[in-house]
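[1] here is a sequence with its predicted model. Questions after.
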Amino acid sequence: MRNFEDDPTLEDLLTRDQLQRLNRTLSALCQAPVEIGINRKPTSVALEFNLETVGWLSGGSSDQERLAAADLVSFLMMFVAKYRLAANLHHDTTEASYAELQKQNEALKASEARYRILSDQLQEKVEEQVAVIKQAQMDLYESARLRSVGQLAAGVAHEINNPIGFISSNLKVAGEYVNDLRAQLPQTEQNRELLDDFADLIGESSDGTRRIASIVSDLKTFSSIDQADYTQCDVNELLSSAVHLLQTEYGSDLEIIEKPVELPTISGHPSRLSQTFYNLLDNAAQAVRERRQEPGAESRAGRILVKTSVDNDVIQVVIQDNGCGIAENIREQVFDAFFTSRPVGAGTGLGLTVARDTVRAHRGTIQIDSREGTGTRVTLFLPVG
Amino acid sequence: MADHSAENNRLALKVVFYGPALSGKTTNLMQLHSLLNPQRKGELMVLETRDDRTLFFDMLPIGLKGDSGLDLRLKLYTVPGQVQHDSTRKAVLSRADAVVFVADSQTSQQDNNANAFGNLEENLEKVGLDIDTLPMAVQFNKRDLPGVVGDTELQQRWANTPWAPLQMASALNGKGVIETFRVLLDRLYTEVDREFALQSVHGIDRDTFIRQLSAASEESCA
Ligand SMILES: Nc1nc2c(ncn2[C@@H]2O[C@H](COP(=O)(O)OP(=O)(O)OP(=O)(O)O)[C@@H](O)[C@H]2O)c(=O)[nH]1
Ligand SMILES: [Mg+2]
């Protein structure tokens, strides 16, 4: 590539037309025709530009004429060259600036792309952190809840076990005393009736204490006070404890049908599983109750079906109710933490979220099928081993 | 880069007058044009100016013939000093064989001098030249004006650079212009002789080189 400063040739400075015109005008001025060319002829004079011989001028009638004409041509070429040089320089710098601009543009694009990736990553990172924080918050909340339930259960078990122990042993002794009395008292009709009644009372009371003892034992299973970490869990046992507790709370109005099949044990966190079962059962019970409060539905029996099965090393737990169901417009949100369709104060709204998280922690999944006005079926899939 | 054509036995060298706006680069060249009487001297080309400020460049070709018939040309260029003409400055600077840095001695111009010098370093790098090996002379011009930074102070400041001693000039009055040019020729000769064996092959020694190219009009030409 030529540089703007390269010495111009005659061709660079003057076009063929311009040269011919110059020849014509100079010839008109001189007494003999004049010709400019790039070849030296015997009488020609050099045409100089920038100390450079760019061409030769021949013809004319005398040396004097030739020198004057050559001087005029050099003088003209000076201005042509100035213009040419400025134009070339302008062209060179414009191209250089444009190339520079393009380079900058490329660099800018590259850095913009880099920043875009960074900012996307930032967004992702923030979302990740938010999820971690949410999870930690929930775990904290849940563990605090579990702890308090566990402590309550432990306290209740402790406080109740002792009095139940002496009540039941006292009742046994009292039964023996009644028999002793029967031997010593006169055998009248009245006395016999009294003592029979007495024995019945003591018998019913003993039954009652046995029931209380069994509730306390369920409570202990439920809160798993004894096992804090992962152990082998019997899902049926945990489920049935939760069912018993729920039954105690809701009474005989609520029919709970249990259909367990024999299951392998799974490695799990018993108190979290119990809590999950209880929450789901509680949801079902509330749905049933809500349904029965609807006008015209009083006579309808509330029913919860609790079923277990095992298929391909996956335990399925189904908790199905014939309650009010979940309205379609809120079905998407049921797993959102703190979402609750119940009146404020009736629940934390953490139930289903916690259930999902617990199931996930056990590498399982949760599925909800619901129809408004008909009922809801929650199915938990828990892999064995 | 020196443009050497063995075929025509020609060597073309490029000297660039660089410096801040209005420091007197064009004035230097105009003075050289009228004061110098070298073996060969072409026309001074002053390209477009606006309010006396260079828009493109100015150019003065001079030359000499060596004993070997070497046709040695020196083209002296000035750059536009105004900040906005940087791409033009860069284009003119490219392929330079030597640089005369013309600084403005006025106290108020010290920042402009420094910026222009920084710009010279930057542009030399961009056009692939090395300021440490490029022959260069530094001139502080406008010594005739009041309120200029003192001579000794300037010399002291530059004492530890390859460009000491500085050349003091009043280009408007033609003072120091040829002296600066001679200092430059001296430094340029060293480089050109090393590359093209001016003395041994072409019979041009240092003294001839400097004298022939910077002969003043009133001095006789050897
Ligand atoms: N007093 C004084 N004025 C000077 C001297 N040299 C140059 N000038 C003036 O300074 C002004 C600028 O001089 P130029 O030679 O055009 O400056 P330049 O460096 O070519 O400026 P740009 O082309 O814009 O880069 C002119 O008015 C000159 O007359 C000097 O030695 N003394
Ligand atoms: Mg100028």
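    Okay, I see it. These numbers come from a predicted model, not from an experiment. Ligands and ions are numbered 1, 2, ... in the order given.
[2] what are the boundaries of the strands in the chain?
    No chain in the question, so chain A it is. Using DSSP state E, the strands of chain A run over A:34-37, A:45-49, A:52-59, A:231-233, A:255-259, A:266-268, A:303-311, A:314-321, A:365-371, A:375-383.
[3] ah, I was thinking of chain B
    Under DSSP E, chain B gives strands at B:3-5, B:10-18, B:40-41, B:45-46, B:49-50, B:53-54, B:58-65, B:71-78, B:98-104, B:136-141, B:167-168.
[4] redo the ones you listed as a markdown table? Include mean neighbour count and distance to A:Leu47.
    Every residue, glycine included, has its C-beta placed from N, CA and C. A markdown table is the format used below for the strands of chain B (neighbours: other CB atoms under 10 Å in any protein chain shown; distance: least, CB to CB, whole Å):
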| stretch | mean neighbour count | distance to A:Leu47 |
| --- | --- | --- |
| strand B:3-5 | 15 | 20 |
| strand B:10-18 | 24 | 18 |
| strand B:40-41 | 17 | 16 |
| strand B:45-46 | 20 | 17 |
| strand B:49-50 | 11 | 27 |
| strand B:53-54 | 20 | 28 |
| strand B:58-65 | 21 | 15 |
| strand B:71-78 | 23 | 17 |
| strand B:98-104 | 26 | 30 |
| strand B:136-141 | 27 | 35 |
| strand B:167-168 | 20 | 38 |
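[5] of all the ones you listed, which one is nearest A:Gly325?
    strand B:49-50 (86.3 Å; CB to CB).
[6] quick one: distance of the closest one to the chain centre.
    From the chain centre to the centre of strand B:49-50 is a distance of 21 Å (CA atoms, centre = their mean, to the nearest Å).
[7] again, but for stretch A:45-61
    On CA atoms, centre = their mean, the centre of stretch A:45-61 falls 84 Å from the chain's centre.
[8] rewinding a little: out of the strands of chain A, which is closest to B:Leu124?
    Of these, nearest to B:Leu124 by CB to CB is strand A:52-59, at 27.8 Å.
[9] buried set for the closest one?
    A:Glu52, A:Val54, A:Gly55, A:Trp56, A:Leu57, A:Ser58, A:Gly59 (16 or more other CB atoms under 10 Å in any protein chain shown).
[10] tilt between that strand and strand A:45-49?
    Computed by axes from the mean of the first three to the mean of the last three CA atoms, to 10 degrees, the angle separating strand A:52-59 from strand A:45-49 equals 150 degrees.
[11] quickly list what A:Ser267 is bridged to.
    In this entry, A:Ser267 is beta-bridged to A:Gln232, by DSSP bridges.
[12] test my guess that it contacts A:Asp234.
    No - look at A:Ser267 against A:Asp234 with CB atoms under 8 Å: they stay out of range, at 11.7 Å.
[13] need the buried residues of strand A:52-59 in CSV (columns: distance to A:Leu122).
    As requested, those are exported to CSV (distance: CB to CB, whole Å):
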residue, distance to A:Leu122
A:Glu52, 64
A:Val54, 65
A:Gly55, 69
A:Trp56, 74
A:Leu57, 75
A:Ser58, 79
A:Gly59, 81
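[14] out of these, the closest to ligand 2 would be?
    The nearest member of these to ligand 2, counting by CB to the ion, is A:Glu52 at 24.2 Å.
[15] how much space between the residue nearest to the closest one when sequence neighbours are not counted and A:Arg377?
    Nearest in space to A:Glu52, with sequence neighbours left out and distances taken as CB to CB, 6 or more residues apart in numbering or on different chains, is A:Asp7 at 4.9 Å. A:Asp7 sits at a distance of 95 Å from A:Arg377 (criterion: CB to CB, to the nearest Å).
[16] check A:Ile319 too.
    7 Å.
[17] pLDDT value on B:Asp132, please?
    Listed pLDDT for B:Asp132 reads 91.
[18] pretty sure it sits against B:Trp163.
    No - assessed by CB under 8 Å, B:Asp132 is found out of contact with B:Trp163, at 10.7 Å.
[19] who has more neighbours out of the two?
    Each of B:Asp132 and B:Trp163 has its neighbours counted (other CB atoms under 10 Å in any protein chain shown); B:Trp163 has more, 16 against 8.
[20] residues of chain B that sit close to ligand 2?
    Within chain B, the residues that sit near ligand 2 (CB under 5 Å from the ion) are B:Lys25, B:Thr26, B:Thr54.
[21] recalculate using a threshold of 8 Å.
    B:22, B:25-27, B:49, B:52-54, B:58, B:78-81 (CB under 8 Å from the ion).
[22] of all the residues you listed, which two lie farthest apart?
    Taking CB to CB, no two of those sit farther apart than B:Asp52 and B:Val79, at 15.1 Å.
[23] compare the two and say which is more crowded by neighbours.
    B:Val79 (29 against 8).
[24] return the residue of chain B that is most distant from the centre.
    Distance to the chain centre peaks in chain B at B:Glu7, reaching 27.8 Å (criterion: CA atoms, centre = their mean).
[25] surely A:Gly323 is in contact with A:Arg291?
    Yes - counting by CB under 8 Å, A:Gly323 does reach A:Arg291; the two are 4.5 Å apart.
[26] show me where chain A has helices.
    Secondary structure of chain A, counting by DSSP state H: helices at A:10-13, A:16-29, A:63-184, A:189-223, A:235-250, A:270-293, A:328-331, A:351-361.
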